[in-house]
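> Model the structure of this input:
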Amino acid sequence: MRAVEGLIVRGGTALIEGELRGADVVVADGRIRLDRGGVQTGLSIDATGLLVLPGLVDVHGDAFERQMMPRPGVDIDIGLALVETDQQLVANGITTAFHGVTRSWEPGLRDAANARRLLAAIEDLRGELAADTRFHLRHETYNLDGEDEIVAWIAARRIDVVAFNDHMTGTIKVRHRPDKMRKMVERSGLDAAAFDALVERVSARADEVPGSIARLAAAAQSAGVPTMSHDDMDVAQRRWFAALGVGVAEFPMTDAVAEAAIADGAPTVFGAPNVLRGGSHTGCPDAAQMAKQGLCSVLASDYFYPALLQAPFILARRHGVPFAEAWALVAENAAAAVRLADRGVLRDGLRGDVVVVDARNDMRPRVVATIAAGRLVHLSDGALLSAA
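Have a look, this model is predicted:
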């Protein structure tokens, strides 16, 4: 039998079948090989004293927007922004990333033209990016004029997740408070009066929104594209989305919504920064408490990529969540929520996504090496690498 060239991670403590145990992990032909038979390992990573874990799966991250527009009105080339983001992803152990791209009724950073550019750029750059980078469409439900194009994107399988967002309702509530509106107005490139007039025109079509959501949900279900409801305000709203086949509750706004979603068999997604900071910055449920109670299925990086690595260690150290269960929130459960059955655990034949973590200081764990689809894409200490 032909010997297969591979890479071996030696001497570490690996998370396998829900347990941490000493084991070597081999990656060959882009796949995990726990049985080394038939593999000629050309390179070795010394993981003595380190954890060897499945690569992180980030189902919702939009921190790349700060690479694209680091200051209001300051635009950076999309390609450069995505490449720089990719380096940050793998340095934090994220091997699968769903970029949360908002297609809104707003002009500026989140308008239709920008969403088109981002979609095209992700497709063009996929071969160059280290992380498996995918398109998570954050569809603003009042963006009624975009429906036909989004249906076409879904049919062509150009997008990987559709999330239904409604930031119009909240905007209407605070539209007469300049302190609350300032960020949206700056991001849009409009002046305050023009933005207020836009809100007036778009919100006047509220009666059309439920039908549009139903049509888009049906299109996604037909194409096998996972769907999420974002910021469900109450149980009735979550169950309305569930009846449309929208299978994931993303950032439930109350404990009751999370409880109902889990009871109905829907995964729930909360923000890893919520765990990192010790609570929500907007008064929403405490993600750590949700995890302790079994009401959080998945953690996402949301607006800060490093939080995804840190959160499982915080859950284990401060909140008594078994580490294997905590890591599943950012790997196995996350992959399952977006229907990726080929990753999220260290198992023979699955995609070779492996992260080596130095957690000896568990207050600040850091990634030593990241392997994505069998390629060594990040290494912080070259002394650990040698010929096998």
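
> which stretches of the stretch 251-388 of the chain have low pLDDT?
Residues of the stretch 251-388 of the chain meeting the criterion pLDDT under 70: 388.

> Apply 80 and report the result again.
282, 388 (pLDDT under 80).

> ranges for the helices of it?
Taking DSSP state H, counting those that start in this stretch as the criterion, the stretch 251-388 of the chain carries its helices at 255-263, 272-277, 287-292, 306-319, 323-328, 332-337.

> which stretches of the stretch 51-200 of the chain have low pLDDT?
Applying pLDDT under 80 to the stretch 51-200 of the chain flags the ranges 72-73, 109, 176, 178-181, 187.

> What segments of it are strands?
Assigned by DSSP state E, counting those that start in this stretch, the stretch 51-200 of the chain shows strands spanning 51-54, 56-61, 94-103, 132-140, 161-165.

> Among those strands, which comes closest to Ala192?
Closest of those to Ala192 is strand 132-140, at 20.0 Å (criterion: C-beta to C-beta). Quick note: C-beta positions are derived from backbone N, CA and C, even for glycine.

> Could you chop this structure up by domain?
As assigned by automatic domain parsing, the chain contains the domains 4-53+345-387, 243-339.

> mind listing what's buried in stretch 74-90?
For stretch 74-90, the neighbour count (16 or more other C-beta atoms under 10 Å) marks 78, 81-83, 85-86, 88-90 as buried.

> which of those lies closest to Val330?
For the buried residues of stretch 74-90, the nearest to Val330 is Leu89 (12.9 Å; C-beta to C-beta).

> unless I'm mixing things up, Leu346 is touching Leu51, no?
No: look at Leu346 against Leu51 with C-beta atoms under 8 Å: they stay out of range, at 11.2 Å.

> Quick one: residues contacting the closest residue to Thr85 other than its chain neighbours.
Closest residue to Thr85 apart from its sequence neighbours, by C-beta to C-beta, 6 or more residues apart in numbering: Phe64 at 4.2 Å. Counting by C-beta atoms under 8 Å, 6 or more residues apart in numbering, Phe64 makes contact with 81-82, 85, 99.

> May I see those arranged in a markdown table, with distance to Ala163 as well?
Below are the contacts of Phe64 laid out as a markdown table (distance: C-beta to C-beta, whole Å):
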| residue | distance to Ala163 |
| --- | --- |
| Ala81 | 21 |
| Leu82 | 20 |
| Thr85 | 19 |
| His99 | 12 |
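
> what's the closest of those to Asn333?
Minimum distance to Asn333 across the contacts of Phe64 is 19.8 Å, recorded for His99 (C-beta to C-beta).

> Count the residues that sit near the closest one.
26 (other C-beta atoms under 10 Å).

> Tell me the spacing between it and Met68.
To Met68, His99 is 11 Å away according to C-beta to C-beta, to the nearest Å.

> How about Leu295, nearest residue that isn't a chain neighbour?
Per C-beta to C-beta, 6+ apart, closest to Leu295 is Ala258, 4.3 Å.

> Near that neighbour, how many other residues are there?
28.

> how close does it sit to Asn274?
On the measure of C-beta to C-beta, Ala258 and Asn274 end up 12 Å apart.

> tell me which residues form a beta bridge with Val356?
Val52, Ala369 (DSSP bridges).

> the more surrounded of Leu346 and Leu51?
Under the criterion of other C-beta under 10 Å, the comparison of Leu346 against Leu51 puts Leu346 first, with 25 against 21.

> Ala155 versus the more buried one, what's the distance?
35 Å.

> What of Val368?
When distance is defined by C-beta to C-beta, Val368 is 42 Å away from Ala155.

> now Leu119
For Leu119, the distance to Ala155 - C-beta to C-beta - is 14 Å.

> The two - which one has more neighbours?
A direct count of neighbours by other C-beta under 10 Å for Leu119 and Ala155 places Leu119 higher, at 18 against 13.

> and that one, what is it in contact with?
The neighbours of Leu119, taking C-beta under 8 Å, 6+ apart as the test, are 101, 135, 153, 158-159.
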